[in-house]
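Visitor: got a sequence here, can you build the structure:
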Amino acid sequence: MNTPSVTWSEDGQTRSARWRVDNGTPPPTDIQVLRESLTASKALQLARAGTALLWRGDYEQGKQQLQAMTRQLNKTLSRPSGPAPATALDAFEQHRAQQAHRACLLGQLLIGIDGDHRIDLRRAPQVQAACAEAWGPSDGQPSVLPLRGLLGLIGAHEWRKKGVPIPALGGAHIHPHHGVFSPVRGEYVDLVAQAPLPVALRHTPVAFDLGVGTGVLSAVLARRGIARVIGTDLSERALTCARDNLQRLRLQQQVSLQHADLYPEGQAALVVCNPPWVPATPSSVLEQAVYDANSAMLRGFLNGLAAHLCADGEGWLILSDLAEHLGLRPREQLLQWIDAAGLRVLGRIDTRPRHAKVQDTTDPLHAARAAEVTSLWRLGRSA
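Guide: Residues are numbered from 1 along each chain as shown. Have a look, this model is predicted:
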């Protein structure tokens with residue numbers, strides 16, 4: 001697969017670089033080199049016209065330019081334009097459209113990285129480690145990417161360094177890698193840590209963790225005494241991240257990892273799956289942990305579960321009901337899928353989310369978030 005490139009004119013010369021985005025956005029065709037700040041209104045006017053701005057001035061001033069554009073755009077988007085959404089679904093679709101529009105315009109402010117993963121701008125930070133973690137070793141080829149994307153790489157690097165403390169692991173830290181969703185919403189981890197283990201583990205001490213991500217749930221299952229845990233994922237980034245965390249926790253002998261689409265071979269006494277909670281199309285690698293078009297992973301888990309459970313085994317489905325409050329997937333649909341897969345509900349453990357947006361009344365999705373419940377569904381084969 002060819003890596004896309006971007007071309008522009010600068011100082012009377014035609015230049016090109018690798019185009020670095022993770023959401024498939026095509027490279028801009030109209031690029032203006034920018035060495036001094038513009039007003040936010042002028043910068044956004046150019047962005048709306050399809051002109052990307054390649055920042056060549058002081059790095060900190062470039063960040064200030066992005067912040068000014070963000071403030072101006074947020075102010076514009078907060079003004080009512082037309083009737084208020086009639087339903088939660090309308091509010092969600094409007095919110096997603098605004099977020100996409102916002103990302104598109106702010107993504108027009110670009111920055112260059114040289115072939116050694118360095119930024120040749122005054123007051124620029126050292127980003128070699130962050131870029132290497134996201135892209136691999138430098139190969140001598142320069143890159144161009146949205147400044148927002150670079151700030152995301154830097155933020156991911158900092159998260160990876162300091163990690164996220166997990167109470168269910170005795171306060172041990174999980175270190176998320178770039179492009180792998182961080183376990184900052186701890187309520188779902190606590191559910192897995194507290195649910196009663198199935199009796200089938202006595203004769204088949206094996207658990208599957210489908211969509212292993214950072215490895216946090218595999219680690220919790222291993223710490224709960226399950227002799228063998230198999231974590232699977234389609235993302236090589238996730239498998240690398242999980243391997244790193246399991247080695248840090250000294251659980252690599254207890255947990256094995258496989259590149260697989262959901263299920264590994266064989267059967268288990270416990271199969272755990274925490275699929276994306278919202279049936280919508282993701283627009284970036286990181287959003288794949290939140291949005292899942294047509295509930296594909298959820299339905300794949302349900303449809304394969306009965307065949308991969310040993311006698312008296314259980315499947316644990318960790319799922320928020322946010323999609324129900326948004327009008328995206330009714331509870332009746334979920335129950336129909338469970339029944340059609342030859343499964344029955346053995347029990348359910350519920351908890352309320354603890355993230356800050358629950359209290360944020362300015363959030364356009366506040367009503368749905370305030371009503372949200374996260375559940376661990378205990379599923380077994382139908383009799």
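
Visitor: in which helix or strand does N74 reside?
Guide: helix 59-78 (DSSP states H and E).

Visitor: neighbouring contacts of whichever helix or strand comes after that helix?
Guide: Beyond helix 59-78 on the C-terminal side, the first helix or strand identified by DSSP H and E is helix 88-106. Contacts with helix 88-106, where a contact means C-beta atoms under 8 Å, 6 or more residues apart in numbering, come from 25, 44, 47-48, 66, 69-70, 73-74, 77, 85, 146, 148, 280, 283, 325-328, 364-365, 367-368. Bear in mind the C-beta positions are built from the backbone N, C-alpha and C, glycine included.

Visitor: report the angle between helix 88-106 and helix 59-78.
Guide: 150 degrees (axes from the mean of the first three to the mean of the last three C-alpha atoms, to 10 degrees).

Visitor: after helix 88-106, which helix or strand is next? Please name it.
Guide: strand 109-113.

Visitor: okay, which residue is most central for the chain?
Guide: In the chain, the centroid-proximal residue (C-alpha atoms, centre = their mean) is L286; its distance is 2.9 Å.

Visitor: do you know how far that residue is from G304?
Guide: According to C-beta to C-beta, to the nearest Å, L286 and G304 sit 26 Å apart.

Visitor: now swap in Q98 and tell me
Guide: In this view, Q98 and G304 are 37 Å apart by C-beta to C-beta.

Visitor: show me what the longest strand anywhere in the chain is packed up against.
Guide: Longest strand of the chain, by residue count under DSSP state E: strand 309-320. Applying 3 or more C-beta pairs under 8 Å, 6 or more residues apart in numbering; DSSP states H and E, we find strand 309-320 packed against helix 187-194, strand 268-273, helix 296-308, strand 374-381.

Visitor: of these, which stretch is the most buried?
Guide: Of these, the one with the most neighbours on average (mean count of other C-beta atoms under 10 Å) is strand 268-273, at a mean of 26.

Visitor: CA atoms of that strand as PDB?
Guide: Extracted as PDB, the C-alpha positions of strand 268-273 are listed here (Å, rounded to 0.1, in the frame of the first residue of the first chain):
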ATOM      1  CA  ALA A 268     -13.500 -21.500  27.300                       C
ATOM      2  CA  ALA A 269     -15.300 -21.300  30.600                       C
ATOM      3  CA  LEU A 270     -15.400 -17.500  30.400                       C
ATOM      4  CA  VAL A 271     -15.500 -15.300  27.300                       C
ATOM      5  CA  VAL A 272     -15.300 -11.500  28.000                       C
ATOM      6  CA  CYS A 273     -16.100  -8.900  25.400                       C
END
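
Visitor: quick one: that strand to strand 374-381, angle?
Guide: Using the same axes, to 10 degrees: strand 268-273 against strand 374-381 is 140 degrees.

Visitor: what are the contacting residues of strand 268-273?
Guide: By C-beta under 8 Å, 6+ apart, strand 268-273 touches 192, 197-198, 200-201, 203-211, 217, 221, 226, 230, 262-263, 297-298, 301, 305, 308-310, 312-318.

Visitor: which of those are buried, as a ChimeraX select command?
Guide: Per 16 or more other C-beta atoms under 10 Å, the buried members of those correspond to this ChimeraX selection:
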select :192,197,198,200,201,204,206,207,208,209,210,211,217,221,226,230,262,263,297,298,301,305,308,309,310,313,314,315,316,317,318
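
Visitor: picking up where we left off before, list buried residues within the contacts of helix 88-106.
Guide: 25, 44, 47, 66, 69-70, 73, 146, 148, 280, 283, 325-326, 328, 364-365, 368.

Visitor: please flag which of those residues sit within strands.
Guide: Among the buried ones among the contacts of helix 88-106, the members found in strands (DSSP E) are P146.

Visitor: separation between G304 and V278?
Guide: 22 Å.
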